[in-house]
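Chemist: I would like to see how this sequence folds:
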Amino acid sequence: MSSHKDWPALSPLQTGLRGRCPRCGQGHLFEGFLKLRPECEVCGLDYSFADPADGPAFFVICFACVPSVLLGVWLEVQYGAPLWVHLLTTGPFMLLTCIPPLRPLKGWLVASQFFYKAEEGKVVRQAVAQAPDASARR
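Modeler: Numbers count the residues shown, from 1 in each chain. Coordinates of the predicted model:
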């Protein structure tokens with residue numbers, strides 16, 4: 001396969017949100033809804049570098065679950081809504097705002113890891129410059 005230098009730098013937003021390969025922009029990232037493929041079927045990029053962990057879920061919790069909970073609380077406080085009203089309004093609203101963004105967010109995080117060459121942190125130890133030995137000067 002070709003090296004990374006043979007491919008143009010593609011925006012993580014362009015490729016990740018569409019679920020495309022971060023290197024070529026043509027292949028698919030996902031095998032299922034959230035399961036990553038082992039590699040790109042077009043350029044052969046190995047996706048083993050990708051580890052978005054809980055990132056997509058974190059963003060969904062921050063930006064989608066909070067409004068859903070606020071809707072439920074507002075219905076309860078304002079109208080004293082019975083349980084069946086919550087099941088018919090808050091439940092579907094929560095599902096529609098929480099599940100669909102997971103895949104584009106995961107794709108964006110994987111593409112960002114590739115684009116910015118993110119990797120696991122390493123401890124770097126600097127070599128200590130040793131002073132010339134006093135006995136070596138004589």
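
Chemist: please name the nearest non-neighbouring residue to the residue positioned nearest the centre of the chain.
Modeler: Taking Cα atoms, centre = their mean as the criterion, residue 109 is the residue nearest the geometric centre of the chain, at 2.6 Å. Nearest residue to residue 109 in three dimensions, chain neighbours excluded: residue 52, at 3.9 Å (Cβ to Cβ, 6 or more residues apart in numbering). C-beta: built from backbone N, CA, C; applies to glycine.

Chemist: next up, the contacts around the one you found.
Modeler: 106, 109-110, 113 (Cβ atoms under 8 Å, 6 or more residues apart in numbering).

Chemist: for these, which one is nearest residue 14?
Modeler: When the contacts of residue 52 are compared for distance to residue 14 (Cβ to Cβ), residue 110 wins out at 13.2 Å.

Chemist: pull out the buried positions in the host helix or strand of residue 66.
Modeler: For residue 66, the element it lies in under DSSP states H and E is helix 66-79. Within helix 66-79, the residues that qualify as buried by neighbour count (16 or more other Cβ atoms under 10 Å) are 68, 71-72, 75.
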